[in-house]
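Asks: Mind folding the following:
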Amino acid sequence: MPFQTHHLSYPDTHSFSQLVYHYLDHAEALKPFYRFQPGNAGVKEAMEQRKFSSENRAALIAELNRHYNNLREVHPAVKKNLELLAKNNCFTVCTAHQPNIFTGHLYFVYKILHAIKLAVELKGKFPDKEFVPVYFMGSEDADLDELGEVHIEGEKRKWQTDQAGAVGRMKVDKTLLAMIEQIAGSIEVHPHGKEVTSLLRRNYVLGVSVEQATFTLVNELFGKYGLIILLPDTAGIKQLFLPVMERELKEQFSAKAVEETLRNYPEPFRLESFGREINLFYLDENGRNRIEKHGDDFWVVNTGKQFRLSEILEDIRLHPERFSPNVILRPVLQEAILPNVAFIGGGGELAYWLRLKNVFEDAGIDFPVLILRNSYLLINKKYGALYHKLGLNIPTLFKEEKLIADDWVKRNADVRLTFEKEKDELFQLYSQLQQQAGLVDVTLAGYGETIKILALKKIASLEKKMLRAEKRKHDAALRQIHTLKTGLFPGGLQERVENIMPWLAVYGFDLLQDIFTAGPSIEPAFTILEEQ
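Replies: This is a model prediction of the structure:
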């Protein structure tokens, strides 16, 4: 492996929410909002309680076979896992994501590799069971602003298309192909750049849907690991979810379940309501539009469609593919159609899953173990050499740039820039004066406190001025610290901004195996991969 691996606890990264930290710490206040502890014991309990009918399993296998029958070649590992899924002792480990063009952000890849790793590890823990990793593609998402944007080597590139509606149903057009050629100009200078652009050209073909392009791209990248890709935007898959969708239309049960959860949510993690009265969209050639209830009628927003209850129920039975769950019901759809025991999600996903336990219970669908996805920081030789030259360490890299700069200047200054000892002595002196003055007149004790605070503030002000003056002597080092921070954290965590393709262009496709090997499976840790 060309990388050295380091691990940090998530709190030491200062990059995640308090909700995430408390969930990882098994905080008592959050336990009522999920079903199983995130760990091997929780997975064991989830398997024992998981209900998944033979009929649903057969229907799932039929849909998956239909997807894979369209591929020219299916990897043997995928074929094996499709066969395993037909067995009643087989469970899935699932992650979900929209079909971002060219895989979008780095964490798209990290989520999938984590699901694969956990499936492998669980097989070792429970050898009498089978575990298959699944990528559930959220291809019905209509947010093109997010899904059609990619950052390549510091430059944001955006797909300019006039198509609308579900991004997965959009077609690869000439502007998307032109983006590939622009990306080629950036990355083909690297050792494996031509292999990467060839990968993109093979999968993003004029007229092919974004869903299908993402399907074949992800299959090429992860087929050797046996990853199963599930495309839920089909009539066959939605048919399995009919009872829940019909109940949503009749009773609007999900919004009531979420509101009940939020009323009881612990104050430190108080979450705002999300979702709507009806948490289904209507999905057709006019786009993906909200369904609203007005009196006894159901209206599809931004269209002329209007239904009575009997009419919309007939439509959903005849054309279930026209109905699309939103953020509230999408997880329920996922768990309804998979024999799933563990879901891999990011911090934001955990936050909304923790609002959904009542929805699952009301829908009669089993809740999985929630596992925070693996996070990584990739450090190339350039930035590795720079942080070592500056005398920094891995935890320091995650601090704010100003704190790193201030600490570096204080450590490297020729003179001492802080007066901690003197401030302690001054504090003691003024406290004695304050006490003595109070013996003369109790009102003077308050005045003594005031001048003590004022004196300490003046010393703190002097420290700041000395630090600013010393910084001017180390301008070159401070510019290097800025270069380091903006290079490794380009507007936030690297994984939330950058794309995998330039990294593959530099290191080749073996990088995926390096990431897979370095990451944990079920015990949470932030992983740093530093090029050697």
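Asks: contacting residues for the residue nearest the centre of the chain?
Replies: The centroid of the chain falls nearest to residue 346 when counting by C-alpha atoms, centre = their mean (3.3 Å). The contact partners of residue 346, taken as C-beta atoms under 8 Å, 6 or more residues apart in numbering, are 107, 111, 372-373. No exception for glycine: its C-beta is placed from N, CA and C like everyone else's.
Asks: ok, which pair from these is furthest apart?
Replies: Between any two of those, the greatest separation by C-beta to C-beta is 11.5 Å, found for 107 and 372.
Asks: Who has more neighbours out of those two?
Replies: Between residue 107 and residue 372, residue 107 has the larger neighbour count (other C-beta atoms under 10 Å), namely 23 against 19.
Asks: can I assume that one sits in a helix?
Replies: Yes: the assignment for residue 107 (DSSP: H, G, I helix; E, B strand; the rest coil) places it in a helix.
Asks: how about the helices of the stretch 1-150 of the chain, start to end?
Replies: Under the criterion DSSP state H, counting those that start in this stretch, the stretch 1-150 of the chain contains helices at 18-24, 40-49, 54-69, 76-85, 106-125, 144-147.
Asks: Switch these over to JSON lines; also include distance to residue 242 and mean pLDDT.
Replies: Output for those, formatted as JSON lines (distance: least, C-beta to C-beta, whole Å; pLDDT from 0 to 100):
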{"stretch": "helix 18-24", "distance to residue 242": "33", "mean pLDDT": "95"}
{"stretch": "helix 40-49", "distance to residue 242": "24", "mean pLDDT": "96"}
{"stretch": "helix 54-69", "distance to residue 242": "12", "mean pLDDT": "95"}
{"stretch": "helix 76-85", "distance to residue 242": "22", "mean pLDDT": "97"}
{"stretch": "helix 106-125", "distance to residue 242": "27", "mean pLDDT": "98"}
{"stretch": "helix 144-147", "distance to residue 242": "27", "mean pLDDT": "94"}
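Asks: wait, which of the contacts of residue 346 is closest to residue 523?
Replies: Closest approach between the contacts of residue 346 and residue 523, by C-beta to C-beta: residue 372, at 10.5 Å.
Asks: is it true that the closest one touches residue 348?
Replies: No: judged on C-beta atoms under 8 Å, residue 372 makes no contact with residue 348 at a distance of 10.8 Å.
Asks: following the helix or strand hosting residue 455, which helix or strand comes up?
Replies: In this assignment (DSSP states H and E), residue 455 forms part of helix 442-471. Elements were assigned by DSSP H and E; along the chain past helix 442-471, the next helix or strand is helix 475-488.
Asks: Show me how far the helix or strand following that following helix is from its chain's centre.
Replies: Using DSSP H and E, the next helix or strand after helix 475-488 towards the C-terminus is helix 500-507. In terms of C-alpha atoms, centre = their mean, to the nearest Å, the centre of helix 500-507 is found 20 Å from the chain centre.
Asks: correct me, but residue 253 touches residue 361?
Replies: No: applying C-beta under 8 Å as the test, residue 253 and residue 361 come out as separate, 10.5 Å apart.
Asks: Who has more neighbours out of the two?
Replies: Neighbours per residue (other C-beta under 10 Å) separate residue 253 from residue 361, with residue 253 holding more: 17 against 13.
Asks: Could you list which residues are in contact with the more buried one?
Replies: Residue 253 makes contacts with 247, 359, 362-363, as judged by C-beta under 8 Å, 6+ apart.
Asks: What distance do you get for it to residue 163?
Replies: Distance from residue 253 to residue 163, counting by C-beta to C-beta, to the nearest Å: 34 Å.
Asks: just residue 136 next, same as before
Replies: To residue 163, residue 136 is 23 Å away according to C-beta to C-beta.
Asks: Quick one: residues contacting residue 301.
Replies: 289-292.
Asks: Looking at those residues, spot the one nearest residue 421.
Replies: For the contacts of residue 301, the closest approach to residue 421 (C-beta to C-beta) belongs to residue 290, at 64.6 Å.
Asks: Hmm, residue 279 and that closest one touching each other?
Replies: No: taking contacts as C-beta under 8 Å, residue 290 lies outside contact range of residue 279: 9.5 Å.
Asks: Please identify which of the two sits among more neighbours.
Replies: Of the pair residue 290 and residue 279, residue 279 is the one with more neighbours under other C-beta under 10 Å, namely 24 against 16.
Asks: Give me the pLDDT value at the more buried one.
Replies: Reading off the confidence values, residue 279 has pLDDT 95.
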